[in-house]
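> predicted model follows, preceded by the sequence.
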Amino acid sequence: MLPATFKLCAGISYRHMRNMTGLRRNALAAIHYELNRLAGPGPSNWISQVRRRSSLLSSRIQEEEGYNEEEISYVKQGEDALQKAISILSEQDGWTVETVAANGDKVLSKVLPDIGKVFKLEVVLEQRPDNLYEELVEKMELMGEWNPNVKQVKILQKIGQDTMVTHEVSAETPGNVVGPRDFVSVRCAKRRGSTCFLAGMSTQHPKMPEQKGVIRAENGPTCIVMKPCAEDPNKTKFTWLLSLDLKGWIPKTIINKVLSQTQVDFANHLRNRMANNDSMEMAHAC
């Protein structure tokens, strides 16, 4: 049922089908059904919170009336990335442990049909989800200041409150094992109750064609989920689903090592950033 749902939802992004009211209504109903099915009996908090988005899709369609075709396409791509990521994260079976850090940070992986190998970072951060959301979404363009694996993040276009198109440039890995890559991504940012989401996937944008001398890589579906820890709401259970095609001639063993290490490094860099933010706030308060 799930693949058929995605095909149905993708279909309404085509111009000649977008005005078919019945098809769009069926797409909304299909998404609502899939969210219910993915939650299953006794759904976890973050799944149940995401389910609320299905009730907002009708108003989303109405809101889109003020968008042009390009903007509507980006909104739908972002929604699609979020739905695919939710589907992957809701399946608990089949994950293989790639690495476990001394502090308990864990990276798992799984091979999926039509997508390939995906990685999942699971960590606990001593920050509230709202603080992390502000850093990763509202201050997205500052990521290059604290994450040495990122050279630049630039927002190319914003559509409404939830959707944006970004251009990211990665730094080369030590020893230039993997050279710089750039990505053009559509991102869908959501806040549902106390849980925050940032999903994305590759797209194209007229402001950022492929750059000479830089390999254009592809990503998606990707998604960061931030929800309060049950035992301490001041801490966050942080999950990052990563799916990347780095392009170029790189052995899979190297790619797997680089991607899993990138996730572990990201968690550490984020911790340091948030700790520095806390220190600065305390200094200003004195």
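Yep, it's here. Residues are numbered from 1 along each chain as shown.

> alpha carbons only for contacts and neighbour counts from here, please
Noted.

> direction included, what does the longest strand along the chain pair against?
If you go by DSSP state E, the chain has its longest strand at strand 181-192. Counting by DSSP bridges, the strands paired with strand 181-192 are strand 163-170 (antiparallel), strand 195-202 (antiparallel), strand 215-216 (parallel).

> can you confirm residue 89 is in a helix?
Yes - counting by DSSP: H, G, I helix; E, B strand; the rest coil, one finds residue 89 located in a helix.

> residues near residue 229, how many?
Each residue near residue 229 was counted by other Cα atoms under 10 Å, and the total is 17.

> then residue 72?
Neighbourhood size, residue 72 [other Cα under 10 Å]: 19.

> compute the inter-axis angle for the helix or strand where it lies and strand 181-192.
According to DSSP states H and E, residue 72 maps onto helix 69-90. Using axes from the mean of the first three to the mean of the last three Cα atoms, to 10 degrees, the direction of helix 69-90 lies 80 degrees away from that of strand 181-192.

> counting contacts, what elements does helix 69-90 pack onto?
helix 2-11, helix 21-39, strand 150-159, strand 163-170, strand 181-192, strand 195-202, strand 222-228 (3 or more Cα pairs under 8 Å, 6 or more residues apart in numbering; DSSP states H and E).

> starting at the chain centroid, how far to the third one?
Looking back up the chat, that one is strand 150-159. 14 Å (Cα atoms, centre = their mean, to the nearest Å).

> same deal with stretch 267-276?
Worked out by Cα atoms, centre = their mean, stretch 267-276 lies 19 Å from the chain centre.

> list the buried residues in it.
For stretch 267-276, a neighbour-count test (16 or more other Cα atoms under 10 Å) marks 267, 269-271, 273-274 as buried.

> list the contacts for the closest residue in space to residue 246 that isn't next to it in sequence?
Spatially, and ignoring its direct neighbours in sequence, residue 246 is nearest to residue 217 (4.8 Å; Cα to Cα, 6 or more residues apart in numbering). By Cα atoms under 8 Å, 6 or more residues apart in numbering, residue 217 lies in contact with 181-183, 244-247.
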